[in-house]
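**Q** show me the folded form of this:
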Amino acid sequence: MIGFLASAAADSPASETAQQAIGYPSLFLLVSLGSLVPVVPTGAVVSSAAVVAFHQSEPPLALLGVFLVASFAAFLGDVALYWLGLRGVRSRNGSRWLHRLQDRVDNTTLEKAQNRLDAHGAAVLVLSRLIPAGRIPVMVACLLGEMPLRRFVRGDIPACLVWAAAYQLVGILGGSLFSEPWQGVALAVGLTFAFAAGPMAVRRLRRK
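**A** Next up is the predicted model:
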């Protein structure tokens with residue numbers, strides 16, 4: 001992201017190109033890492049990158065680059081995590097990756113994810129990518145149901161494309177409202193975290 005933010009202040013197209021050469025790999029690394037280790041707020045990363053891309057000298061090309069990099073990185077992270085989880089399912093003693101995924105999901109949420117998976121099949125992966133904290137429960141349900149990797153891949157491709165497009169739209173909205181990139185980034189990050197925190201707050205209120 002440092003490369004993206006720096007490119008927003010570039011004085012020439014040549015400088016933008018050079019700095020984007022750093023920004024796109026940084027975006028790829030953050031999104032793929034966040035998909036593999038679910039602690040990085042990947043939605044906020046994509047939205048922030050889209051804000052900065054919106055303020056480039058050629059926004060369509062910059063936004064296309066953000067979309068392609070983000071969706072591909074998310075896909076690779078998902079597939080790597082699922083492959084590691086499948087190894088645990090097929091092993092007698094499981095694996096630390098599978099155990100970590102299961103520890104992040106309570107029984108009620110897992111049961112709901114399994115019901116949705118039974119009703120809609122791999123198509124539920126698209127929805128799980130858009131719902132905050134919805135990806136891991138559905139992935140665990142797929143693992144426990146021993147969904148083949150090939151079938152998971154077919155469902156995850158459109159899921160990552162839709163996910164990248166959705167969070168990029170948040171960034172475009174933020175970028176279009178302000179003249180300074182940092183203002184749009186702040187709005188996009190705030191909207192992303194509010195979107196993620198909303199459902200969790202509702203669940204806590206229902207429990208009380």
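
**Q** okay, now the unreliable bits of the chain?
**A** The chain contains residues with pLDDT under 70 at 1-22, 90-95, 178-185, 187-208.

**Q** ok, 90 please
**A** 1-24, 34-45, 47-61, 84-123, 127-134, 144-146, 170-208 (pLDDT under 90).

**Q** now for the helix or strand hosting Ser48, which elements pack on it?
**A** Element membership of Ser48 [criterion: DSSP states H and E] is helix 42-54. Counting contacts by 3 or more Cβ pairs under 8 Å, 6 or more residues apart in numbering; DSSP states H and E, helix 42-54 is packed against helix 2-8, helix 13-36, helix 59-90, helix 149-177, helix 181-207. (Each C-beta comes from the backbone N, C-alpha and C, glycine too.)

**Q** tell me the angle it makes with helix 59-90.
**A** For helix 42-54 against helix 59-90, the angle by axes from the mean of the first three to the mean of the last three Cα atoms, to 10 degrees is 160 degrees.

**Q** mind listing what's buried in stretch 118-125?
**A** 122, 124-125 (16 or more other Cβ atoms under 10 Å).

**Q** kindly export that stretch (C-alpha atoms) in PDB.
**A** Provided in PDB are the C-alpha atoms of stretch 118-125 (Å, rounded to 0.1, in the frame of the first residue of the first chain):
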ATOM      1  CA  ASP A 118     -26.300 -28.500   1.400                       C
ATOM      2  CA  ALA A 119     -29.000 -26.200  -0.100                       C
ATOM      3  CA  HIS A 120     -26.900 -24.200  -2.600                       C
ATOM      4  CA  GLY A 121     -23.700 -26.200  -3.100                       C
ATOM      5  CA  ALA A 122     -20.500 -24.400  -4.200                       C
ATOM      6  CA  ALA A 123     -22.500 -21.300  -5.100                       C
ATOM      7  CA  VAL A 124     -22.700 -20.400  -1.400                       C
ATOM      8  CA  LEU A 125     -19.000 -19.500  -1.600                       C
END
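
**Q** contacts for it?
**A** Contact with stretch 118-125 is made by 113, 116-117, 127, 138, 142, 147, 151-152, 154-156, 158-159, as judged by Cβ atoms under 8 Å, 6 or more residues apart in numbering.

**Q** switch the cut-off to 10 Å
**A** 78, 113, 115-117, 126-127, 134-135, 138-139, 141-142, 145, 147, 151-160, 162-163 (Cβ atoms under 10 Å, 6 or more residues apart in numbering).

**Q** run the chain-centre distance for it.
**A** 19 Å (Cα atoms, centre = their mean, to the nearest Å).

**Q** please apply the same query to stretch 164-178.
**A** Worked out by Cα atoms, centre = their mean, stretch 164-178 lies 15 Å from the chain centre.

**Q** got the CA coordinates for that stretch in PDB?
**A** The C-alpha trace of stretch 164-178 is given here as PDB (Å, rounded to 0.1, in the frame of the first residue of the first chain):
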ATOM      1  CA  ALA A 164     -12.800  -7.800  -5.400                       C
ATOM      2  CA  ALA A 165     -15.400  -5.800  -7.400                       C
ATOM      3  CA  ALA A 166     -17.600  -5.100  -4.400                       C
ATOM      4  CA  TYR A 167     -14.700  -3.700  -2.300                       C
ATOM      5  CA  GLN A 168     -13.300  -1.800  -5.300                       C
ATOM      6  CA  LEU A 169     -16.700  -0.100  -5.600                       C
ATOM      7  CA  VAL A 170     -16.400   1.100  -2.000                       C
ATOM      8  CA  GLY A 171     -13.000   2.600  -2.900                       C
ATOM      9  CA  ILE A 172     -14.300   4.200  -6.100                       C
ATOM     10  CA  LEU A 173     -17.000   5.800  -4.000                       C
ATOM     11  CA  GLY A 174     -14.500   7.200  -1.500                       C
ATOM     12  CA  GLY A 175     -12.200   8.400  -4.300                       C
ATOM     13  CA  SER A 176     -15.000  10.200  -6.100                       C
ATOM     14  CA  LEU A 177     -16.200  12.200  -3.100                       C
ATOM     15  CA  PHE A 178     -12.800  13.800  -2.200                       C
END
